[in-house]
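A.B. asks: Sequence isn't available, so here's the structure alone:
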């Protein structure tokens, strides 16, 4: 019974212009916003269901007028405003097909796809590859699309011709995918990084009018620190500082050596004078071994007195 309901819902989606389909891409652990129907009157009841494989649709919430009631498994996970229903801290089992009804009439179908993004860091001006791979054999791929989480189209590849077209805001940017992507299944995006490119990128493939998320990459752009001008200006003060320290050290060493030499010379003179004062002068009464006075003047006086 539930399988028939889901099948009828998909048929209604493909044949009725009054039913719209949305794809919601979100990071695991974030909050997801589901829009209420603006065309459903306040007196009518809106219900949001999640189609679970092998089980009946799970009631997420119902709304009548301004009153919103959560489903049995969502009592502590919902917030709401006049136009939005907020599902908090989504987990992998929250992914799937959501159906919004107005008095049991299908208003909107929403496909929630959750992902854990690959983290990539690149400097501004460098070329980076954002990885994405998918089975592309058999010619069933209608298009490949790279886009940002804000909805900006980065690059779209035509599955028939293989040609690619950059998005409006990426005109003039260096973007490409492998020319043999059909044979290899490599849908990675090569791009020259600019400062404004940082953020979440999604890679999706459309087959049989069904769009499927294949990869999600979070690109972090860091400033380019290899600028020669900035490195020269930063190194120049360091060189002059080193030279200043060198010559200052030499000057201090010379002063220390000079003071040390002066102190050594002064100490030598002081010790020499002290030793000379400590030795007594020779006595005038001293004589040599022959009895002759050592003092010549004394010798003359002795001679004259003896005569």
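C.D. replies: Great, that's in hand. For clarity, every value in this text was computed on a predicted model and none was experimentally measured.
A.B. asks: Residue 145 versus the residue lying closest to residue 194 once chain neighbours are set aside, what's the distance?
C.D. replies: Nearest residue to residue 194, sequence neighbours excluded (Cβ to Cβ, 6 or more residues apart in numbering): residue 124, at 6.4 Å. Placement of C-beta: from N, CA and C, glycine included. According to Cβ to Cβ, to the nearest Å, residue 124 stands 25 Å off from residue 145.
A.B. asks: who has more neighbours, these two?
C.D. replies: residue 145 (19 against 16; other Cβ atoms under 10 Å).
A.B. asks: Name all residues that make contact with that one.
C.D. replies: Going by Cβ atoms under 8 Å, 6 or more residues apart in numbering, residue 145 touches 153, 155, 156, 157, 203, 204, 205, 206, 211.
A.B. asks: at 6 Å what do you get?
C.D. replies: 156, 204 (Cβ atoms under 6 Å, 6 or more residues apart in numbering).
A.B. asks: for it, helix, strand, or coil?
C.D. replies: At residue 145 the chain is in strand, as set by DSSP: H, G, I helix; E, B strand; the rest coil.
A.B. asks: partners of it in the sheet?
C.D. replies: Going by DSSP bridges, residue 145 is paired in beta bridges with residue 156, residue 204.
A.B. asks: Pull up the gap between it and residue 220, please.
C.D. replies: Separation of residue 145 from residue 220 (Cβ to Cβ): 22 Å.
A.B. asks: what about this protein, any weak spots by pLDDT?
C.D. replies: Along the chain, segments meeting pLDDT under 70 span 1-20, 225-251, 253-260, 262-263, 266-267, 269-272, 274-307.
A.B. asks: all helices of it, in order?
C.D. replies: With helices called from DSSP state H, the chain shows them at 2-15, 181-184, 228-278, 296-306.
A.B. asks: Need the contact partners of the second one.
C.D. replies: This points to helix 181-184. 136, 187.
A.B. asks: Can you give me the buried ones in it?
C.D. replies: Residues 181, 182 are the ones in helix 181-184 that count as buried (16 or more other Cβ atoms under 10 Å).
A.B. asks: Direction included, what does the lengthiest strand in the chain pair up with?
C.D. replies: With secondary structure taken from DSSP state E, the chain has its longest strand at strand 210-222. With DSSP bridges as the test, strand 210-222 is paired with strand 118-123 (parallel), strand 199-207 (antiparallel).
A.B. asks: Touching that strand from outside, list them.
C.D. replies: 23, 113, 115, 117-121, 123-124, 130, 132, 134, 193, 195, 197-198, 200-205.
A.B. asks: Now do the buried residues in it.
C.D. replies: In strand 210-222, residues buried by neighbour count (16+ other Cβ under 10 Å) are 211, 213, 214, 215, 216, 217, 218, 219, 221.
A.B. asks: now do stretch 170-188
C.D. replies: By neighbour count on 16+ other Cβ under 10 Å, the buried set for stretch 170-188 is 170, 175, 177, 181, 182, 185, 186, 187, 188.
A.B. asks: for residue 152, phi and psi?
C.D. replies: Residue 152 adopts backbone torsions of phi -70, psi 130, taken as degrees, to the nearest 10.
A.B. asks: hmm, back to that, figure out which of the strands paired with strand 210-222 is closest to residue 36.
C.D. replies: Evaluated over the strands paired with strand 210-222, closeness to residue 36 peaks at strand 199-207, with 25.1 Å, by Cβ to Cβ.
A.B. asks: Name the residues of the closest one that are buried.
C.D. replies: 200, 201, 202, 203, 204, 205, 206, 207.
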